[in-house]
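Participant: Below is the sequence, then the predicted model.
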Amino acid sequence: MSRQLAKRGLGAPTDISGADDDGHLVELWLDQKRSGHTRRSYGRTSMLFLMFLDDHGRELRTCRLVDLERWRASLDGSVATLAQRISCVKSLLTFAQVTGYCQLNVGAAMVAPKVPNQLAERILTVEEVFRLIAAAPNERCDALLRFLYGSGARIGETCALTWDEVHAAEEEPADGYGDAFVTLHGKGGETRHVRVSAGVHSALRALGPEGTAPGSTVFQTRSGRPLHPSDAAAMVRRAAVAAGLAAWAEGSKRRIGSGSAVSPHWLRHAHASHALDAGARVHLVQQTLGHASLATTSRYVHVRPGESSGKYLGV
């Protein structure tokens, strides 16, 4: 049997990881992740997984499918949370096998739950977006909401934006749209330049008086420190409540997001959906949002729960 496995490339591989133990291997694996958010999230999940194995007298090299299923049964949270954690551990075990630290990838036999597509529930209408902006209590919140929607930026990109990354156009744009562009640093260190409207640019400039240090962040707290994504999320939630867009707000005409609170990422969703509705080319939306795959952007073409191609037929 061992000879047959070896012929198929499934025999004991040479350990090229250099890892001293499971914890060291996790560090090497996390070093491959370019996103700081991914490293933090995967780091927490993987450490908890190793603790679970240790409590049951196991480690990565001796982990069995039954151990994975027991760990899976111990998890709680939403389907999306479970899928993320299982995906994390599967990735770790794949890395362990590819580097030769583990002989086999036991995680390949574990299937992550399918996450329901609730994207349509997280897209605000154009009218709802402008209600949200109108409910902003101050200039900072107004600029934040306008920028998130107008640029389609991720919240991390928005909070990291500095004044030297906000550029006024040197000449009047030929198409009449936008008199400025911003430089955004996205996932994996990718950089893109996004044009913003005169209204968005004006809202940003209202936050930065003359003499503002070029390297300082555009969005700051009242005490002058850079705005943290959690601070920004709280601002969006408060504006959503004031606009009557909270999931269970009194008088709300529809159930928004299956009970989820409106978040900054909803404005990114709205940007993509509304731009495509207005005739923007899908490749342009992909470039603006910084999607690595066109398939990710194309999801927004298919999120109209009340739409059907059947209405175009004469039946």
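Facilitator: Here it is on my side, so go on.

Participant: SS state for Val194?
Facilitator: Under DSSP: H, G, I helix; E, B strand; the rest coil, the three-state class of Val194 is strand.

Participant: Near it, how many other residues are there?
Facilitator: Using other C-beta atoms under 10 Å, Val194 has 19 neighbouring residues. No exception for glycine: its C-beta is placed from N, CA and C like everyone else's.

Participant: swap in His201?
Facilitator: Around His201 there are 24 residues (other C-beta under 10 Å).

Participant: Pro157: what's its closest spatial neighbour, skipping adjacent residues?
Facilitator: In this structure residue 157 is Glu, not Pro. Excluding the flanking residues, the one nearest Glu157 by C-beta to C-beta, 6 or more residues apart in numbering is Leu184, at 4.5 Å.

Participant: and that neighbour, helix, strand or coil?
Facilitator: At Leu184 the chain is in strand, as set by three-state DSSP.

Participant: begin at 443 from here
Facilitator: Noted, 443 is the first residue going forward, which turns the last one into Leu626.

Participant: wait, doesn't it sit right on Phe589?
Facilitator: No: Leu626 is beyond contact range of Phe589, at 10.6 Å (criterion: C-beta atoms under 8 Å).

Participant: Give the residues shared as contacts by those two.
Facilitator: The contact sets of Leu626 and Phe589 overlap at Ala595 (C-beta atoms under 8 Å, 6 or more residues apart in numbering).

Participant: Now do the residue nearest to Glu599 against Gly460, distance only.
Facilitator: Plainly put, Leu626 is 36 Å away from Gly460 if you go by C-beta to C-beta, to the nearest Å.

Participant: For these two, indicate the residue with more neighbours.
Facilitator: Taking other C-beta under 10 Å, Leu626 and Gly460 do not tie; Leu626 has more neighbours (23 against 11).

Participant: Need the pLDDT of the more buried one.
Facilitator: We have a pLDDT of 91 for Leu626.

Participant: same question, Tyr543
Facilitator: pLDDT, Tyr543: 94.

Participant: quick check, it in a strand?
Facilitator: No: counting by three-state DSSP, Tyr543 is not part of a strand but coil.

Participant: can you pull the contacts of the residue nearest to it when sequence neighbours are not counted?
Facilitator: In this structure, Tyr543 finds its nearest non-sequential neighbour in Ser459, 4.4 Å apart by C-beta to C-beta, 6+ apart. By C-beta under 8 Å, 6+ apart, the residues touching Ser459 are Leu467, Leu470, Ala538, Thr541, Gly542, Tyr543.

Participant: From those, list the buried ones, please.
Facilitator: For the contacts of Ser459, burial is judged from neighbour counts taken by 16 or more other C-beta atoms under 10 Å, and it is met by Leu467, Ala538, Thr541, Tyr543.

Participant: Which pair of those residues spans the longest distance?
Facilitator: Farthest pair in those (C-beta to C-beta) is Leu467 and Thr541. Separation: 7.6 Å.

Participant: shared neighbours of these two, anything?
Facilitator: Counting by C-beta under 8 Å, 6+ apart, the residues touching both Leu467 and Thr541 are Ser459, Ala461.

Participant: low-confidence ranges in the stretch 443-592 of the chain?
Facilitator: 443-454, 557-564 (pLDDT under 70).

Participant: repeat for the stretch 593-742 of the chain
Facilitator: 612-620, 630, 651-653, 688-702, 736-742.

Participant: Kindly recompute the last result at 50.
Facilitator: Across the stretch 593-742 of the chain, the ranges flagged by pLDDT under 50 are 690-694, 697, 699-701.

Participant: Mind jotting down where the helices sit in it?
Facilitator: All helices of the stretch 593-742 of the chain, identified by DSSP state H, counting those that start in this stretch, fall at 597-602, 640-647, 671-684, 706-719, 724-731, 736-740.

Participant: Turn those into JSON lines, including distance to Lys532.
Facilitator: Formatted as JSON lines, those follow (distance: least, C-beta to C-beta, whole Å):
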{"stretch": "helix 597-602", "distance to Lys532": "25"}
{"stretch": "helix 640-647", "distance to Lys532": "41"}
{"stretch": "helix 671-684", "distance to Lys532": "27"}
{"stretch": "helix 706-719", "distance to Lys532": "25"}
{"stretch": "helix 724-731", "distance to Lys532": "27"}
{"stretch": "helix 736-740", "distance to Lys532": "21"}
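
Participant: Looking at the ones you listed, spot the one closest to Asp518.
Facilitator: The nearest among the helices of the stretch 593-742 of the chain, by C-beta to C-beta, is helix 671-684 at 22.5 Å.

Participant: Give me the residues contacting the closest one.
Facilitator: Among residues not part of helix 671-684, those counted as contacts by C-beta under 8 Å, 6+ apart are 574-575, 577-579, 582-583, 586-587, 590, 597-598, 600-601, 661, 663, 688, 691, 703-706, 708-709.
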